[in-house]
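Asker: Model the following, please.
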Amino acid sequence: MVERVAFLGLGVMGFPMAGHLLRAGHATTVWNRSPARSDRFAAAHPAAVVAPSPAAAARGAAFVFVCVGRDADVRDVVLGKDGALGGLGSGAVLVDHTTASAELARELEGRARERGAGFLDAPVSGGQSGAEQGTLTVMAGGEPAAFERALPILGCYARRTQRLGPAGSGQLAKMVNQICIAGVLQGLSEGLHFAEAAGLDPLAVVEAISQGAAQSWQMENRHRTMIERSFDHGFAVEWMRKDLGLALGEARRNGAQLPLAALVDQFYAEVEAQGGRRWDTSSLITRLRKT
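Answerer: Sure thing, here's the model as predicted:
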């Protein structure tokens, strides 16, 4: 079924995600804080409509998707002056793909409900390549009815979409995702560093162990660039620190013990101090290998 949708935020993730909606035939209106980015999207997708504000984009849309950077950005885009909430109609569904706090997700659900609309917090995993290929994983929180309505639309750019519980549950699941990735990357960094220090060929070691119990997405996709010290790609350290900060803050509230996540966050602070704020998260190895 063709739907009228709005997509707010055309960054490295949102740009290809909105493109998938258009290619699936949905009538898509977009908005981005930087008009140049919206213009570039319109040039690539002539069928798109560019709105002057989030409220204008949301007006008349059955689904309004948001994909920005942080809690403050979501508040501005959704709740600020000319924010999407002002244009959100009764019966519409607001879907926030931003990795943000569970607390904000619960607040947004309440505000959407006041307007007779549904809400899903739906952070994604899979990175820029997953967004471009339409193979993202979506972790959703919200009411079952809103989830079921949105599921076919989310399928335009997601290979797997799962509802984890009420509003905020998607954000909590994304925190689990980032905690696990941080631990895997630290282990992979130490393993490759150890192989080099021991005089082994790290590429040969990875070839030997990558089909066994040590295998991971990070090993498969990042080992070569880690060995080559190439980090100008992928998910930036500053964004991982933001995500780990959300997880550590939630852990302080729910009593979870996250010693490894806290330690890796400190390690990422050291990478940032080396000038690696925009390096890929696999740059953890730079702390260990100084030459």
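Asker: Please count neighbours and contacts with C-alpha atoms only from this point.
Answerer: OK.
Asker: And the pLDDT for the residue lying farthest from the centre of the chain?
Answerer: Among residues of the chain, the one most distant from the C-alpha centroid is G199; the distance is 37.8 Å, by C-alpha atoms, centre = their mean. We have a pLDDT of 97 for G199.
Asker: Tell me the spacing between it and M219.
Answerer: 20 Å (C-alpha to C-alpha, to the nearest Å).
Asker: again, but for P46
Answerer: 39 Å.
Asker: And A197, by the same measure?
Answerer: Computed with C-alpha to C-alpha, the distance linking A197 and M219 is 19 Å.
Asker: and after the strand or helix carrying F15, which helix or strand comes next?
Answerer: Using DSSP states H and E, F15 maps to helix 14-23. Next helix or strand after helix 14-23 toward the C-terminus (DSSP H and E): strand 27-31.
Asker: which secondary structure elements does the helix or strand following that following strand contact?
Answerer: Counting by DSSP H and E, the next helix or strand C-terminal to strand 27-31 is helix 35-44. Packing partners of helix 35-44 (3 or more C-alpha pairs under 8 Å, 6 or more residues apart in numbering; DSSP states H and E): strand 49-50.
Asker: switch the cut-off to 7 Å
Answerer: The helices and strands touching helix 35-44, judged by 3 or more C-alpha pairs under 7 Å, 6 or more residues apart in numbering; DSSP states H and E, number zero.
Asker: So A197 and M219 - more neighbours on which side?
Answerer: M219 (20 against 12; other C-alpha atoms under 10 Å).
Asker: For G60, see how far away L108 is.
Answerer: L108 is 19 Å from G60, by C-alpha to C-alpha.
Asker: Just want to know which of the two has more residues nearby.
Answerer: Applying other C-alpha under 10 Å to L108 and G60 shows that L108 carries more neighbours, namely 26 against 17.
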